[in-house]
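Visitor: Predicted structure and sequence below. I'll ask about it afterward.
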Amino acid sequence: MRPVAEQELFLPSTPGKFKDKSHSMHRQFHRCFASTSTLFLWALFLVALTAAYLSFQSFVDSGSKYFSTAWGGIHWEKQVRDSAQIHRQNGFSVLVTGAAGFVGSHVSLALKKRGDGVVGLDNFNNYYDPSLKKARKHLLNSHNVFIVEGDVNDARLLAKLFEIVAFTHVMHLAAQAGVRYAMENPHSYVHSNIAGLVTLLEACKTADPQPAIVWASSSSVYGLNEKVPFSESDRTDQPASLYAATKKAGEEITHTYNHIYGLSITGLRFFTVYGPWGRPDMAYFSFTRNILLGKPITIYRGKNRVDLARDFTYIDDIVKGCVASLDTAKKSTGSGGKKRAPAQYRIFNLGNTSPITVPMMVGILEKHLKVKAKKNVIEMPGNGDVPFTHANISSARRELGYKPTTDLQTGLRKFVKWYQSYYGYNHGKSVK
Ligand SMILES: O=C(O)[C@H]1O[C@H](OP(=O)(O)OP(=O)(O)OC[C@H]2O[C@@H](n3ccc(=O)[nH]c3=O)[C@H](O)[C@@H]2O)[C@H](O)[C@@H](O)[C@H]1O
């Protein structure tokens, strides 16, 4: 019986191959083949196991880029609930997306300080140094703002958050920022600024009560518009970058949700926001780093040797504009996914109304840093940049009481002070 059993067990799938061999040879061969094929099967099994492990790891890695599973559970829910607690009369409970980001962290702190409930949401992606985002998170934690680690594309997470907290407002600042990076990683813009926005709006539309939404658009939507200063009614159908195109798409998408579902929407076109805790990918920040390290900086120049200019806007002014937008936002009018009445839809420029050229900005940095920059001036590459920006803010002034008060000199002085203390810069050496 045994040989038969062996035969059954170890014969290859083409058993006819060995049929004319003698019985003993057959058995000997069988024994030999049995051990080889056992080894072979084990090896195969190990290879399969390793492959399965590796592909599972890569699935987890790529998944965690977008959907962190670091949420859920009783303790987590309590943290969310506590963070959303309102500590002033008629205060808000605000979900701030992108709360570990530059503008998000500042707005979260301002709201918390005045007694609003704030729950942050951030995916802590590595577009720029995540340790800066973690440091902002620690700062917020020390002011009792809890930041949920997750992505705006995670519909389950958003549904859970709205189940735990009846948010009165959503301050949507999570986005893929940066004008030039869109050429390197176009899909990250679609993922965050389009798909993520729609997922968030779906959650808001379904929520009961529906929150009012204030979100970050961008001055870049003016694209190749030449009429200055830029007014909200100017044309915005000539974007110069994919980043601008996704922000413009966001304005159209939010309009649809306003129209169909009664969501109250305020879009804010930020003009080159700068200041302490800023974004390392932006020019003023990376120039500072390079100047202090003695490395050259590249300054882009427009056609006919015209300097590029930006309406640089200080973070504290932007925060005031964001908070005023929340304060003046009317309630959404829908429920159960249906609009009950027309809802508010607004778009505002939040700029500084005084454009400064990039070489002038560098001059101010040199003065504050007390170091001369090594400048490398080149013609602006065709990378999505626009030659200048200049905001007309009369609408925000009228409706929000928005009035920027910080000029670039003052704002960059505050930034440099923060930079030097954060990075521990001392006598030509940076400790971080
Ligand atoms: O208002 C916005 O909506 C956008 O503002 C910001 O974009 P920008 O105004 O392009 O700021 P930023 O990169 O600091 O470049 C500033 C200037 O330096 C020039 N620049 C830049 C890099 C360089 O190496 N050299 C250079 O000359 C460059 O040509 C430009 O003239 C945000 O990043 C963006 O996310 C979005 O919010």
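Guide: Looks like it arrived, so ask away.

Visitor: Residues of the stretch 151-300 of the chain that sit close to the ligand?
Guide: Residues of the stretch 151-300 of the chain lying close to the ligand by CB under 6 Å from any ligand atom are 177-179, 218-220, 270-272, 282-283, 298-300. C-betas here are computed from N, CA, C, even on glycine.

Visitor: Could you single out the nearest of the residues you listed to S241?
Guide: Of all these, V179 has the smallest distance to S241: 4.9 Å, by CB to CB.

Visitor: hang on, the earlier thing: in ChimeraX, select just the buried ones from the residues of the stretch 151-300 of the chain next to the ligand.
Guide: Command for ChimeraX that selects the buried part of those, burial taken from 16 or more other CB atoms under 10 Å:
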select :177,178,179,218,219,220,270,271,272,282,283,299,300
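
Visitor: which residues touch the residue of the stretch 301-432 of the chain found nearest the ligand?
Guide: In the stretch 301-432 of the chain, the residue found nearest to the ligand is L308; the distance is 3.7 Å by CB to the nearest ligand atom. The neighbours of L308, taking CB atoms under 8 Å, 6 or more residues apart in numbering as the test, are 300-302, 357-358, 380, 385, 387-388.

Visitor: do the same with T266
Guide: Counting by CB under 8 Å, 6+ apart, T266 makes contact with 212-215, 325, 329, 344, 346-348.

Visitor: Highest neighbour count among those residues?
Guide: Neighbour counts for those, by other CB atoms under 10 Å, peak at V214, which reaches 29 neighbours.

Visitor: Could you pull up phi and psi at that residue?
Guide: When read as degrees, to the nearest 10, the backbone of V214 gives phi -120, psi 130.

Visitor: do you know how far it is from the ligand?
Guide: Relative to the ligand, V214 is positioned 16 Å away (CB to the nearest ligand atom, to the nearest Å).

Visitor: re the thing from before, of all the residues of the stretch 151-300 of the chain next to the ligand, which two lie farthest apart?
Guide: The span of these, defined through CB to CB, is set by F270 and T298 at 23.8 Å.

Visitor: Let's see whichever strand or helix holds V323 as CSV, backbone CA atoms only.
Guide: According to DSSP states H and E, V323 maps onto helix 315-328. Output for helix 315-328, consisting of C-alpha atoms alone and laid out as CSV, is shown next (Å, rounded to 0.1, in the frame of the first residue of the first chain):
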residue,chain,number,x,y,z
ILE,A,315,-0.1,84.6,8.8
ASP,A,316,-1.8,86.5,11.6
ASP,A,317,-3.7,88.6,9.1
ILE,A,318,-4.8,85.4,7.3
VAL,A,319,-5.9,83.8,10.6
LYS,A,320,-8.0,86.9,11.3
GLY,A,321,-9.6,86.5,7.8
CYS,A,322,-10.3,82.8,8.5
VAL,A,323,-11.9,83.4,11.9
ALA,A,324,-14.0,86.3,10.5
SER,A,325,-15.1,84.0,7.7
LEU,A,326,-16.3,81.4,10.3
ASP,A,327,-18.0,84.1,12.4
THR,A,328,-19.9,85.5,9.4
